[in-house]
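Q: What follows is a predicted structure for the sequence shown.
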Amino acid sequence: MFSEKIRQYVIINKHQHTLLSLYLSFRLIFALSSNYHCIMGSLPPGVILCLFIASVSSTNFTSHNPDTFAIGAEGILDIIFNYITPRAGPLKVSDQCLQSGDNYLNGILKNESYAMRMLDSSAMLPSSGFIGDSNILHHPGSFSECLDTKDAEGNPTSQYCLLTVYDTTLTPQTKDQTPDHLPMTRSEHFIPDKATLQAIASTTTHYWKNGHCQRLGPPDRPGQLVSGLTKIGKCLPIDCNKDDISNGGTNMFITHSDSIPNVDPAHPIAVIVHSCHQADEKIEFTNGDIVMITIVAVFGCLICFSTFLDIGITVLELKYLPESLLPMFQGFSAYHNTIKIFQVGAGPTDGSNLSCINGLKYISISWIVLGHTTWEYCFVSGLGVFSKSFMAVSEASDNIAFTAVWNGLIGVDTFFVIGGCLLSFHTLKELDKTKGGNAKMWAMFYVHRYIRLTGVYAIIIGLHATLLKFFATGPQSHLVTGLVNKCQKGWWTNLLYINNFAADIYGAGKADCINVSWYMAIDMQFFILTPIVVTLLWKMPKAGYALVSLLIAGGTACQIYFTIADDEFFHGGFRYYMKPWNRSHPYLIGLLLGYLLHKMRDQPKLKINPYTNMFLWGLAGFLGSVAVYSIQEYNIIKDVTVALPCGDKEAPLYIRVLFNGFAKIAWGLAISWVILACVKQRGGLIDSFLSWSAWVPLARLQYCVYLLHRSIIIIVNSYSETVIRYSHTLLTFQFIGILSISTFAAFVFVIMFEAPIVQLEKIFFASLGMGRMPQKRKEK
């Protein structure tokens, strides 16, 4: 009966808007024949659009007279109009927006160009690939077409808005939150947080094994995991503000909750606006923006002057330039610092040549970039890209080889091994020189480290909190503005290196400025405490060994306890992923490695026979493989429910205990052997590869690559206007592109900020009599 009435609408209007009606009629038949339901169980917007076009007449629409909506089957036009443009209802929509909506609807009836372009720019569902690709989440519409739409007088008439829908049963306070803070809307971490797991649990009717879960209580009623993941692009009247758009969309669900499946009138589905853009929009400058521009300009002028001075004297040999200024300013020169970045040499020959670490650094940062690039395609991350098929990456990742990509989180622990090793190695050398250290040495130990790390770091934080907003111009600009908002709120925690506790201060996901900078916080926290361990190793080695062993045992005990007590997933769970006690193992192993290398500094070659060497390499390979591949059966990309506590697919407790308690130890030992063998001439081809001189300049850029790459990924994804279907080929090209852009951006930041700040530090301490003034570069 209902289907017959819809067909009658199509027949009646078959001569009006012929091509559009034919296309939409096809989508309507598809929707009816596939028994398609909207993501939240409501009537599909594709049916709504088809009904609207099929049933157009010469009637003028007025949003204030409900009787005019009584055309067609069961008052369906109410839903049609609410989808196309915000309409009146329980929640307030401004009169100006309602009037513009009436004009828009009448424009469609009159076949006016601007109105048809607006309609064409809005998402039409169900999209192609609904059956085969499960293309149900992302429907961006046409961003550029919407912004280019103008009326007959050439005035902009429309704005592009990206919307999501959310089940308020899962989060009753939805209307008081921004989209980026809603569960499942956006997760920047590999491990799902509690709200995400609750959303997963609410989709599973047979979730609880024993009627109770230790970590998650049962939801009020079954909901939808995709709540908050839906992205629908709509071209709407320019006079409607975000409140109008949100309220208008929510009105549709409130008004028709009694006739839409799975919608509880007491907890209606809320429509939330991610972002809106207009063709002539302007982003206002703030005082913070002006300050940041001034800082960048000062650095730029200093670099330009110093580069001119450097090239003028050392290359062009201009006699009128004052050569006496060169030692002071050469360290700011882009020419000089470029030479330093690309300068490679044989390195020291006193047993302190750790050149293999250069290869490990850049390979590890590349691995991390690959993981984060892949992560944007994944369901549990909130799908940072417009995904044509959220199942594509799940299907593609269903093999053991891909485990190295999604379980690449272990790669971060390589840096903890390297950091601990270098710090221990060089600090022990200083303790030898100063015969146990002195006040000046320890003061410079902390001050130099803070300045060295914080200089360029503070610049990047400042740019995120201010000028980054000018990159928020794409369909998914909310991803970029989310970065801005977090840095505006949590910047101070980063500068104090306590940002890994920002979630405990502000709440999860609200102030984690530069998401990956949790590593910086943990590294600094370890650095502050390291002198106790290193000094003890220098003075009383046995006591130092005992302390390190005790700390490793304590870290293991913490991981085992948290895994059991909170039923945690692999890698320690979301709450502990960024905490120092979860990352102590590889760092402590690195400290012992540095001590061993220091003691063996006069021994150029490791004194072991070839068979022992082969055995140790095999053991290192085994330990590394276990750390990466042992959990391949619990692929969170393939099936997010493997992370669900008490779920049927959850890994057995003993497996999680073993992995969380010992995987980082295994990885730390494997990496430590690679470094030791390569430094002590037992690395063979691996040493030759890792010590390749080409890694040297790349390793000098890896710090800034790490700080910048995640934001670059998000910015690039925010500009995409169309849906993308994941494939390994696409990922390969995108990964290479992101890594290349990140490396080039890192080069710019090293030249513009990191190297000049190092020069400023040298000048400052030299002026205090605590070091030498910078010297002129020695020309070869």
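A: Cool, the structure landed.

Q: Just confirm Thr157 contacts Met116, I think it does.
A: No: the pair Thr157 / Met116 is not scored as a contact, 11.7 Å apart, by CB atoms under 8 Å. (Glycine included, C-beta is placed from N, CA and C.)

Q: So for these two, which sits in the more crowded spot?
A: Counted by other CB atoms under 10 Å, Thr157 and Met116 do not tie: Thr157 has more neighbours, with 26 against 16.

Q: Quickly list what Lys231 is bridged to.
A: His138 (DSSP bridges).

Q: Could you report the distance from Glu112 to Ile498?
A: In this view, Glu112 and Ile498 are 58 Å apart by CB to CB, to the nearest Å.

Q: again with Asp95
A: Counting by CB to CB, the gap from Asp95 to Ile498 is 49 Å.

Q: Three-state assignment for Lys510, please.
A: Following DSSP: H, G, I helix; E, B strand; the rest coil, the label given to Lys510 is coil.

Q: Compare Asp95 and Ile498 (neighbour count), which wins?
A: Using other CB under 10 Å as the criterion, Asp95 and Ile498 rank with Ile498 on top: 16 against 12.

Q: Make sure that one is actually in contact with Ala521.
A: Yes: assessed by CB under 8 Å, Ile498 is found in contact with Ala521 at 6.1 Å.

Q: any weak-confidence spans in the stretch 351-500 of the chain?
A: Within the stretch 351-500 of the chain, the segments meeting pLDDT under 70 span 351-352, 380.

Q: Show me where it has its helices.
A: 356-375, 392-396, 403-406, 412-434, 439-465, 477-495 (DSSP state H, counting those that start in this stretch).

Q: Quick check: which of these is nearest to Leu739?
A: Closest approach to Leu739 among those is made by helix 356-375 (5.1 Å; CB to CB).

Q: and the angle from the closest one to helix 412-434?
A: Relative orientation of helix 356-375 and helix 412-434, computed by axes from the mean of the first three to the mean of the last three CA atoms, to 10 degrees: 150 degrees.

Q: who does helix 356-375 touch, helix- and strand-wise?
A: Contacts defined by 3 or more CB pairs under 8 Å, 6 or more residues apart in numbering; DSSP states H and E place helix 356-375 against helix 403-406, helix 412-434, helix 653-679, helix 684-690, helix 695-718, helix 728-749.

Q: So which of the ones you listed is nearest Ile84?
A: Closest to Ile84 of the helices and strands packed on helix 356-375, according to CB to CB: helix 695-718, at 26.0 Å.

Q: check contacts around Thr427.
A: Contacts were defined as CB atoms under 8 Å, 6 or more residues apart in numbering; by that measure Thr427 touches Phe445, Thr530, Pro531, Val534, Gly594.

Q: Go ahead and confirm the last one touches Leu423.
A: Spelled out, it's Gly594. Yes: using CB under 8 Å, Gly594 makes contact with Leu423 at a distance of 6.7 Å.

Q: More neighbours: which of these two?
A: Gly594 (28 against 23).

Q: for the more buried one, phi and psi?
A: Torsion angles at Gly594 (phi, psi; degrees, to the nearest 10) stand at phi -60, psi -40.

Q: Can you name every helix or strand that the host helix or strand of Ile528 contacts?
A: Under the criterion of DSSP states H and E, Ile528 resides in helix 518-539. If you count contacts as 3+ CB pairs under 8 Å, 6+ apart, helix 518-539 packs onto helix 412-434, helix 439-465, helix 541-565, helix 584-599.

Q: out of those, which comes closest to Lys664?
A: Within those, the stretch nearest Lys664 is helix 584-599; the backing value is 4.1 Å (CB to CB).

Q: can you pull the buried residues of the closest one?
A: Neighbour-count burial for helix 584-599 flags 584-598 (criterion: 16 or more other CB atoms under 10 Å).

Q: Now flag whichever of the residues you listed is closest to Lys388.
A: Lys388 lies nearest to Pro586 out of those, by CB to CB, at 38.5 Å.

Q: dump the residue contacts of that closest one.
A: Counting by CB under 8 Å, 6+ apart, Pro586 makes contact with Asp413, Thr414, Phe416, Val417, Gly420, Lys664, Ile665, Trp667, Gly668, Ile671.

Q: can you tell me how far the closest residue to the fifth one other than its chain neighbours sits from Cys678?
A: Read that as Gly420. Residue nearest to Gly420 in three dimensions, not counting chain neighbours: Gly590, with 2.5 Å by CB to CB, 6 or more residues apart in numbering. Here Gly590 is placed at a distance of 15 Å from Cys678 (CB to CB).

Q: and what of Gln759?
A: Computed with CB to CB, the distance linking Gln759 and Cys678 is 32 Å.

Q: do the same with Gly624
A: With the distance defined as CB to CB, Gly624 ends up 15 Å from Cys678.

Q: And the two? Which one has more around it.
A: Neighbours around Gly624 and Cys678, counted as other CB under 10 Å, are more numerous at Cys678. The numbers are 24 against 18.

Q: what residues are up against that one?
A: Cys678 sits next to Cys356, Ile686, Asp687, Leu690, Ser691 when contact means CB under 8 Å, 6+ apart.

Q: Got a quick PyMOL command for the buried subset of those residues?
A: Under the burial definition 16+ other CB under 10 Å, those of the contacts of Cys678 that qualify are selected in PyMOL by:
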select buried, resi 356+687+690+691
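
Q: out of the contacts of Cys678, what pair is the most spread apart?
A: Distance extremes for those: the farthest pair is Ile686 and Ser691 at 9.2 Å, using CB to CB.

Q: What's the per-residue pLDDT of the residue nearest to Gly420 here?
A: Gly590 is assigned 97 on the pLDDT scale.

Q: And the one 5 residues further on, by the same measure?
A: Per-residue confidence for Tyr595 comes out at a pLDDT of 96.

Q: Same question for Tyr577.
A: 80.

Q: low-scoring stretches of the stretch 101-250 of the chain, by residue?
A: For the stretch 101-250 of the chain, the stretches with pLDDT under 70 are 126, 129-135, 167-227.

Q: Can you show me the helices along it?
A: 113-121, 130-133, 143-147, 194-201, 242-255.

Q: separation between Ala503 and Lys579?
A: Distance of Ala503 to Lys579, given as CB to CB: 10 Å.

Q: One more: Cys487?
A: Using CB to CB, one gets 21 Å for the distance from Cys487 to Lys579.

Q: Please say which of the two ends up with more neighbours.
A: Neighbour count, other CB under 10 Å: between Cys487 and Lys579, Cys487 has more, with 24 against 20.

Q: what residues are up against the closest residue to Phe415 other than its chain neighbours?
A: Nearest non-adjacent residue to Phe415, counting by CB to CB, 6+ apart: Ser364, 6.3 Å away. Shown in contact with Ser364 (CB under 8 Å, 6+ apart): Gly411, Val412, Thr414, Phe415.

Q: Among these, find me the one that's closest to Ile254.
A: Taking CB to CB as the measure, Ile254 sits nearest to Val412 out of the contacts of Ser364, at 45.9 Å.

Q: Mind pulling up the pLDDT for Ile564?
A: pLDDT, Ile564: 87.

Q: check contacts around it.
A: Ile564 makes contact with Leu653, Val657 under the criterion CB under 8 Å, 6+ apart.

Q: Format the helices of the stretch 351-500 of the chain as TSV; extra columns: distance to Pro604.
A: TSV is the format used below for those (distance: least, CB to CB, whole Å):
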stretch	distance to Pro604
helix 356-375	14
helix 392-396	47
helix 403-406	34
helix 412-434	16
helix 439-465	28
helix 477-495	42
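
Q: and Met252, which of these is closest to it?
A: Minimum separation from Met252 across the helices of the stretch 351-500 of the chain (CB to CB) falls at helix 477-495, 22.0 Å.

Q: Moving C-terminal from that closest one, which element do we reach first?
A: On the C-terminal side of helix 477-495, the closest following helix or strand by DSSP H and E is helix 502-506.
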